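# sequence and predicted structure are below.
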Amino acid sequence: GGVGAITFAGLGDQTYAHNGGTPSSGTVRINKPSGEVLALTDMIFNSSGQDLIIEEGTLSLGGYNLTVNDNFTVEDGGTLKLWGNELFATPTLDTGSTVIYAGNGDTLADTYAVDTAPGYYDLIINSLDGETDTFTIDGTISVANDFTIMPASVVGTTNAVMNVTGELSNSGRIISSVGD
């Protein structure tokens, strides 16, 4: 606990768990040239002025929720990896940032929602379960660079609009939902 900053650095994978006590109220940074930070519990950074910054490397929420009451930024070289069922603060996604939707890898058919709030730079949907999982887009998503769909099923509802400035690469399935 306390007001100290937390920095995840180094080459290997690291984990985050808050199992009680007073959490740190300082800025949290992820600055890893390789490896990822994997959440093992909900991540709650709700102190006044407390920021979460992914400078380099990957934050994998792994199905856990993320609360950031101040600034949440994914910078050039930073990656936010989601299953797709998490509740999370809408990040500022800088040029060069990546968001990955991966599902949970349980081999069962699951449905996840792609968040339409942020303006993505690079967006990747790469299900750990292949085309078994479905990722639904209900609204407008904007991708400033590349949108990559790897083995996964992406369903666009009747409200879906995909604005992609860069390349749309698809080795999965895109299904358009028309009417009920």
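Good, I have the coordinates.
# what's the longest strand in the chain?
Using DSSP state E to define each element, the chain has its longest strand at strand 28-39.
# strands paired with the following helix or strand past that strand, and their directions?
Per DSSP states H and E, the first helix or strand lying C-terminal to strand 28-39 is strand 43-45. Here strand 43-45 is paired, per DSSP bridges, with strand 66-68 (parallel).
# what comes into contact with the strand it pairs with?
The contact list for strand 66-68 (CB atoms under 8 Å, 6 or more residues apart in numbering) reads 39, 42-46, 50-52, 72, 86-89. All C-beta atoms are positioned from the backbone trio N, CA, C, and that covers glycine.
# how about the residues you listed in CSV, adding distance to Gly103 and neighbour count?
Formatted as CSV, those follow (distance: CB to CB, whole Å; neighbours: other CB atoms under 10 Å):
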residue, distance to Gly103, neighbour count
Ala39, 16, 20
Asp42, 19, 17
Met43, 19, 23
Ile44, 24, 15
Phe45, 25, 22
Asn46, 28, 12
Gln50, 30, 21
Asp51, 28, 17
Leu52, 23, 24
Phe72, 22, 24
Glu86, 12, 18
Leu87, 16, 11
Phe88, 16, 20
Ala89, 21, 17
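# need those residues in TSV (columns: distance to Ile141 and pLDDT).
What follows is the contacts of strand 66-68, written out as TSV (distance: CB to CB, whole Å; pLDDT from 0 to 100):
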residue	distance to Ile141	pLDDT
Ala39	24	97
Asp42	25	95
Met43	24	95
Ile44	27	93
Phe45	26	93
Asn46	27	90
Gln50	28	94
Asp51	25	96
Leu52	22	97
Phe72	18	97
Glu86	17	94
Leu87	18	93
Phe88	16	92
Ala89	18	89
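# ok, so of the residues you listed, who is nearest Asp129?
Among these, Glu86 lies closest to Asp129 (CB to CB), at 16.8 Å.
# tell me how many other residues crowd the residue lying closest to that closest one once chain neighbours are set aside.
Closest residue to Glu86 apart from its sequence neighbours, by CB to CB, 6 or more residues apart in numbering: Leu61 at 4.8 Å. Residue crowding around Leu61 was assessed by other CB atoms under 10 Å; the count is 22.
# please apply the same query to Asp76.
When neighbours are counted by other CB under 10 Å, Asp76 comes out with 12.
# and the closest residue to it other than its chain neighbours, how many neighbours does it have?
Leaving aside its chain neighbours, Asp76 sits nearest to Gly96 (2.9 Å; criterion: CB to CB, 6+ apart). Residue crowding around Gly96 was assessed by other CB under 10 Å; the count is 14.
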